[in-house]
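Colleague: predicted coordinates and the sequence they were generated for:
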Amino acid sequence: MKYSTPDHSCIQEIDNVHSSIEKVLSKAEYYSPVSLLPLLRKVSTQKPYKILSMAPADFFDLKSCSSFYNYKVIPFVKVNALEFSSKNIFNLKYKLSHSLESEWITAEIRNHVAIRIPYSQKMRTPKYKDKSGGLTNEKIKAIKSMIKWMPKLDQDYFNTIIN
């Protein structure tokens, strides 16, 4: 898995995408994700972007799984490439440079405190856990004070959230 280095990649496609989106959004008013979607569809008419709408079930609480691994041994801010192996999930290789001469560094990410936990428990898919706790009363009050100036589509969206 290779990571781009900011401002040093050969292809600036992502920068072009962000620039195109910013240009469209700077000329429009939007109040909710519902009104944002039609704007995103207008960004590139010749080659439209694929927009994926995600549901709460698409998000997972990975923190419970991460306790089995010691990721602090890898300087992720500096990593340019990672190599995984299905033979040994506890050893990761990483590079700090994209150059062919740079060597792979091996790091053991096994959390020795969690060694006695069965492998099947470590590798199970975590379930979605809603930690948002909902909107605060202050946030609901702010939305209610602004809702009358929003387009109908956004009003409907916020009414489903606050009621």
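Modeller: Perfect, thanks for sending it.
Colleague: which parts of the protein are helices?
Modeller: Listed in chain order, the helices found in the chain under DSSP state H are 13-26, 33-41, 63-66, 119-122, 137-146, 152-162.
Colleague: can you check which of those helices gets nearest to Tyr94?
Modeller: Comparing these against Tyr94 with CB to CB, the closest turns out to be helix 63-66 (17.2 Å). Heads up, the C-betas are built off the backbone N, CA and C, glycines and all.
Colleague: tell me the spacing between the residue nearest to Phe90 when sequence neighbours are not counted and Met1.
Modeller: In this structure, Phe90 finds its nearest non-sequential neighbour in Arg110, 4.0 Å apart by CB to CB, 6 or more residues apart in numbering. Arg110 sits 20 Å away from Met1, going by CB to CB, to the nearest Å.
Colleague: which of these two has more neighbours?
Modeller: Arg110 (15 against 9; other CB atoms under 10 Å).
Colleague: could you give the bridge partners of that one?
Modeller: Note on Arg110: beta-bridge partners Tyr69, judged by DSSP bridges.
Colleague: correct me, but it touches Val73?
Modeller: No - the pair Arg110 / Val73 is not scored as a contact, 9.8 Å apart, by CB atoms under 8 Å.
Colleague: least confident secondary structure element in this protein?
Modeller: helix 119-122 (a mean of 55; mean pLDDT, DSSP states H and E).
Colleague: dump the helices of the chain to a markdown table, plus distance to Ile89 and mean neighbour count.
Modeller: Putting the helices of the chain into a markdown table (distance: least, CB to CB, whole Å; neighbours: other CB atoms under 10 Å) gives the following:
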| stretch | distance to Ile89 | mean neighbour count |
| --- | --- | --- |
| helix 13-26 | 30 | 12 |
| helix 33-41 | 36 | 14 |
| helix 63-66 | 12 | 12 |
| helix 119-122 | 9 | 10 |
| helix 137-146 | 41 | 12 |
| helix 152-162 | 40 | 14 |
